[in-house]
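Student: coordinates only, sequence not included:
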């Protein structure tokens, strides 16, 4: 009698392929706009079509790749329109998460946010963008982790990866990061004053506002937009 593999084994293989493909995108081995050679990927990873297909379906659902009927699978490229849409969604979700966490934002948590923001400023003085970025994520997690909405947190995580990690821009706009720490300081000040509603509005209407951040966005993604215009 043949005993079928346990579902966890199949799932684990799909997850490993998923992680492999995301690392390849982050490291620019698979580039935005590139059409994937599925047979070559199967041979390179040493897998059958099924776990590759399942991993690609998950990546497509999260926006990292596009499945094109009769044309294959393409790594999703950021466009100005996609960035605008991502900012609009992040503005709504992070503002909602902060507003819903009002009763659980303690003075200790606010002081933690202030300390993280100072560490971000220190990272900028060292031109340590990787350190800055990690601290920035941690700053936002100070209120996101309070949310009981797992789908909200998952969506926020994926959208931030789409914007900043796949692939990671090797440079950064220092003035943007400095402006971001000033905005963080405003959020901290509003929370210290107990005005969570105003802090949530600021997150939505300023910190994650595409209109407010657009000059910096255009500088950060300058090469991307030049390519978009030419195409």
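Tutor: Yep, that arrived. Fair warning: this is a prediction, and the values are worked out from it, not measured in the lab.

Student: how does the chain divide up, domain by domain?
Tutor: With domains defined by automatic domain parsing, the chain comprises 7-75, 80-230.

Student: lowest-confidence stretch among the ones you listed?
Tutor: Per-stretch mean pLDDT for these is lowest at domain 7-75 (a mean of 87).

Student: Name the residue closest to the centre of this structure, please.
Tutor: In the chain, the C-alpha closest to the average C-alpha coordinate belongs to residue 160, at a distance of 1.3 Å (Cα atoms, centre = their mean).

Student: For residue 84, see how far away it is.
Tutor: Separation of residue 160 from residue 84 (Cβ to Cβ, to the nearest Å) stands at 15 Å. For every residue, glycine as well, the C-beta is placed using N, CA and C.

Student: same deal with residue 159?
Tutor: In this structure, residue 159 lies at 12 Å from residue 84, with Cβ to Cβ as the measure.

Student: neighbour-wise, which of those two wins?
Tutor: Counted by other Cβ atoms under 10 Å, residue 159 and residue 84 do not tie: residue 159 has more neighbours, with 18 against 14.

Student: From the chain's centroid, how far away is the helix or strand hosting the more buried one?
Tutor: Using DSSP states H and E, residue 159 sits in helix 150-164. Here helix 150-164 is found 5 Å from its chain centre; the criterion is Cα atoms, centre = their mean, to the nearest Å.

Student: for it, packing partners?
Tutor: Here helix 150-164 is seen to pack against helix 80-100, helix 129-144 when contacts are counted using 3 or more Cβ pairs under 8 Å, 6 or more residues apart in numbering; DSSP states H and E.

Student: if we go to 6 Å?
Tutor: Judged by 3 or more Cβ pairs under 6 Å, 6 or more residues apart in numbering; DSSP states H and E, helix 150-164 is in contact with helix 80-100.

Student: Would you mark the buried spots in the helix it packs on?
Tutor: Of the residues in helix 80-100, those with enough neighbours to count as buried (16 or more other Cβ atoms under 10 Å) are 80, 83, 86-87, 90-91, 93-100.

Student: next helix or strand past that helix?
Tutor: Beyond helix 80-100 on the C-terminal side, the first helix or strand identified by DSSP H and E is helix 107-125.

Student: what comes into contact with that following helix?
Tutor: By Cβ atoms under 6 Å, 6 or more residues apart in numbering, the list of residues contacting helix 107-125 from outside reads 131-132, 135, 138-139, 142, 177, 181, 184, 188, 191-192.

Student: Figure out how far that helix is from the centre of its chain.
Tutor: Taking Cα atoms, centre = their mean, the mean C-alpha location of helix 107-125 is offset from the chain mean by 20 Å.

Student: ok, and for it, which residues are buried?
Tutor: Judged by neighbour count (16+ other Cβ under 10 Å), helix 107-125 contains these buried residues: 109-110, 113-114, 116-117, 119-121, 123-124.

Student: Dump those to a markdown table, plus distance to residue 200.
Tutor: What follows is the buried residues of helix 107-125, written out as a markdown table (distance: Cβ to Cβ, whole Å):
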| residue | distance to residue 200 |
| --- | --- |
| 109 | 15 |
| 110 | 14 |
| 113 | 14 |
| 114 | 18 |
| 116 | 19 |
| 117 | 17 |
| 119 | 24 |
| 120 | 21 |
| 121 | 23 |
| 123 | 26 |
| 124 | 26 |
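
Student: What is the nearest of the residues you listed to residue 20?
Tutor: The closest of those to residue 20 turns out to be residue 123 (Cβ to Cβ; 29.9 Å).
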